[in-house]
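> no sequence on this one, just coordinates:
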């Protein structure tokens, strides 16, 4: 069974940066697309970014385009999310997930495995 463990969350001021990591300890995501989602208190879980199994195609939510970068290191079975110029509205629990297929996916129902999440808090 896939085990995804996120890390790198924390509290930062607006304009700051964080780098989230998602380690796949069971190495079962190598041939699958992956993604990041987030959920703020009282809101639905929303798509943030996604990447193909090769890492050659990436897609982002409009709200993070130009500020966030998704990447993966298949040799380390790790997914990353570099977040720059953070804003208070980025405050949420961030989740990584493994897609059903090899391509990108922007809907939560396209993912089969999820991590437990890591908290990101951005203060103004």
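That came through fine. Small disclaimer: the values here were computed from a predicted structure and weren't measured. Residues are numbered from 1 along each chain as shown.

> The spatially most central residue of the chain bridge partners, please.
For the chain, residue 36 is the residue whose C-alpha lies nearest the centre (C-alpha atoms, centre = their mean; 2.4 Å). Counting by DSSP bridges, residue 36 is bridged to residue 49, residue 96.

> wait, it sits on residue 94?
Yes - contact status for residue 36 versus residue 94: in contact at 6.1 Å, counting by C-beta atoms under 8 Å. (Each C-beta comes from the backbone N, C-alpha and C, glycine too.)

> Which neighbours do those two have in common?
20, 48, 81 (C-beta atoms under 8 Å, 6 or more residues apart in numbering).

> Next, count neighbours for the first one.
Under the neighbour criterion other C-beta atoms under 10 Å, residue 20 is assigned a count of 24.

> Might one say that residue 113 is in contact with residue 22?
No - counting by C-beta under 8 Å, residue 22 is not a contact partner of residue 113; they are 10.7 Å apart.

> between the two, who's got more neighbours?
residue 22 (26 against 19).

> That one: what's its closest spatial neighbour, skipping adjacent residues?
Leaving aside its chain neighbours, residue 22 sits nearest to residue 96 (3.4 Å; criterion: C-beta to C-beta, 6 or more residues apart in numbering).

> and the one you found, what is it in contact with?
4, 6, 20, 22, 34-36, 79, 81, 114-115.

> Pull up the gap between it and residue 15, please.
For residue 96, the distance to residue 15 (C-beta to C-beta, to the nearest Å) stands at 24 Å.

> Where does the prediction get shaky in this protein?
Counting by pLDDT under 70, the chain shows low-confidence ranges at 2.

> how about the strands in it?
4-7, 10-13, 18-24, 34-39, 46-51, 58-60, 68-73, 78-83, 92-99, 111-114, 118-123 (DSSP state E).

> between the shared contacts of residue 36 and residue 94, which is nearest residue 55?
Set against residue 55, the nearest of these by C-beta to C-beta is residue 81 (13.3 Å).
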